[in-house]
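>>> sharing a model prediction with you, sequence too.
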Amino acid sequence: MIIFLIAFVSLIFGYALYGYVVEKVFGADANKETPAVTKCDNVDYMVMPGWRVFLVQFLNIAGLGPVFGAILGALYGPVCLFWIVLGSIFAGGVHDYMSGMISLRHGGQSLAPLIEKYLGSKIKNVFLIFMILFLLLLGSVFAMSPAHMLSDLSETPFLLWIVVIFAYYFLATLLPIDKIIGRFYPLFALLLISVSLAMLAVLFWKGQEFYPDLSLTNQHPKNLPIFPLMFITIACGAISGFHATQSPLMARCLSNEKYGRSVFYGAMITEGVVALIWATLGIAFYQGGQGLNQVIEKLGPGGVVSEVSNGYLGQIGGILAVVSVVMLSITSGDTAFRSARLAISDYLKKEDKSLKKRLIISAVVLSGGIAMSFFNLTTIWLYFGWANQLLAAITLWMATFYLYRENRCFWLTLLPAGFMTSVCVTYILYDKIGFRLPLDVSVYAGSGVAICLMVSFIIRHRR
């Protein structure tokens, strides 16, 4: 219990202290006009209250990561808490704040044009294709996962829920952001936070042991290595490249740059808290990784959510918990497709204020997502975690060059950029989806690539 409280308090202090440092380094200016004011079109650009933007941002970036990823990360034991806390404060929060605020400073542009500006035009087209495929894949998976959960919960056909979810995706991608996303998502965000806190309260009330085997050793039942696998598994609960595709959505709705700290950095810290709770619930409910692993292999992370929720909150509370996780997935899936629409519009340099233009691009995007749903995504999904963290590394490098050009402290982003580069390179060299090299060789190579890139950047800076 004490370890959990220390981790929880660390996240709060991280927001208060390091979040302030990040804001000062960036140089947020309350007197600058934002794109929500200068480019207001009442579709994608419009002013929304800061608290509402925060809740929408939190729900957009969360996805299944802080729940499913945290549950899978809990297999490594309490050591996963360190990555959730330190990753959220020094990597994820920085990544989300920078991607959102740099977008805001450039008129609310999506990620691809920013990559072109700071990393060069040669990478732009490749990156755009990579990002669009990434978003379509994510949106498709975020439709299928909740469809399975809703089918099991209601005992209705899976195909029915797929049709309903994609019909909703089409509306959410097409309509002005305040009609569905800005109006209902804050309520869904509050539901998720409330359910997570309720289960945590029950855990405290029962006096159950939080971490039966309180050790920082690797407790994974299959003895999978902590580095780099745990840093890929726990993504949204610590750092996730997907967030950089979502932050521009809310950068177009902020009325003041000073709100950026609470909206971007604060939403990531809140997600870290949710991941901290679910990792703890997974360990405590099954009294260790062995029992948790047995349920995951039999029922998957969704089955764990259902069992833990019913065990701590009863049948009605369990239903609410499952519904909150379902909404978590769906609401990240639709904004993934919306981000893809905006990215295509930015690339074509065509404003899609008119309903006809939005309809055409939305239809193309959703058609791609539906097509992916008919393929076997098992193999492709294996690459998702790696692609997600690779996107985070690229975004941090982009932010590093931004700070360098603005003559600000680029170490803020350079260090997490180097670390995430080493994670991604090591993973693709070691894992079965990559080159299957020995772990020690992969670690040395990944670290070497990261160090070389960092040294190269520093030399360039000095010149």
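Happy to help now that I have it. Note that the structure is a prediction, hence the values are computed from the model and not measured.

>>> just the element for residue 169, please.
helix 158-174 (DSSP states H and E).

>>> packing partners of that helix?
helix 124-154, helix 289-348, helix 355-373 (3 or more C-beta pairs under 8 Å, 6 or more residues apart in numbering; DSSP states H and E). For glycine as for every other residue, the C-beta is placed from the backbone atoms N, C-alpha and C.

>>> tell me which helix or strand comes right after that helix.
Under the assignment DSSP H and E, the closest C-terminal helix or strand after helix 158-174 is helix 181-206.

>>> report all helices and strands that that next one contacts.
helix 50-62, helix 266-285, helix 289-348.

>>> please name whichever of the helices and strands packed on helix 158-174 is nearest to residue 193.
With C-beta to C-beta as the criterion, residue 193 lies closest to helix 289-348 of the helices and strands packed on helix 158-174, at 8.8 Å.

>>> so that closest one versus helix 50-62, what angle?
110 degrees (axes from the mean of the first three to the mean of the last three C-alpha atoms, to 10 degrees).

>>> any idea which of the helices and strands packed on helix 181-206 is most buried?
Of all the helices and strands packed on helix 181-206, helix 266-285 has the most neighbours on average by mean count of other C-beta atoms under 10 Å, namely a mean of 27.

>>> tell me the average confidence for that one?
In this model, helix 266-285 has a mean pLDDT of 96.

>>> just use 55 as the starting number from now, easier for me
Yes, from this point I'll number from 55; that puts the last item at helix 320-339.

>>> that older thread, redo the helices and strands packed on helix 235-260 as a markdown table? Include distance to residue 514.
Listed next are the helices and strands packed on helix 235-260 as a markdown table, based on distance: least, C-beta to C-beta, whole Å:
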| stretch | distance to residue 514 |
| --- | --- |
| helix 104-116 | 32 |
| helix 320-339 | 29 |
| helix 343-402 | 28 |
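
>>> what's the closest of these to residue 60?
helix 320-339 (10.8 Å).

>>> what angle sits between that closest one and helix 104-116?
50 degrees.

>>> and helix 320-339, what does it pack onto?
Helix 320-339 packs on helix 56-67, helix 104-116, helix 124-127, helix 134-141, helix 147-159, helix 235-260, helix 343-402, going by 3+ C-beta pairs under 8 Å, 6+ apart.

>>> so what's residue 347 up against?
129, 275-276 (C-beta atoms under 8 Å, 6 or more residues apart in numbering).

>>> emit the ChimeraX select command for whichever of those residues are buried.
Buried residues among the contacts of residue 347 (16 or more other C-beta atoms under 10 Å), as a ChimeraX selection:
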select :129,275
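
>>> just the contacts of residue 347 now: which is nearest residue 264?
For the contacts of residue 347, the nearest to residue 264 is residue 129 (15.9 Å; C-beta to C-beta).

>>> hang on, the closest one packs against residue 345?
No. Contact criterion C-beta atoms under 8 Å: residue 129 and residue 345 do not qualify, at 10.6 Å.

>>> for residue 418, which non-adjacent residue is closest in space?
residue 398 (7.5 Å; C-beta to C-beta, 6 or more residues apart in numbering).

>>> closest to residue 108 out of the helices and strands packed on helix 212-228?
Of all those, helix 343-402 comes closest under C-beta to C-beta, at 14.5 Å.

>>> show me which of the contacts of residue 347 is closest to residue 458.
Within the contacts of residue 347, proximity to residue 458 (C-beta to C-beta) peaks at residue 129, which comes in at 39.0 Å.

>>> which ones are touching the closest one?
When contacts are counted by C-beta under 8 Å, 6+ apart, residue 129 touches 273-275, 278, 343, 346-347, 350.

>>> from the residues you listed, pick the one nearest residue 472.
residue 278 (23.7 Å).
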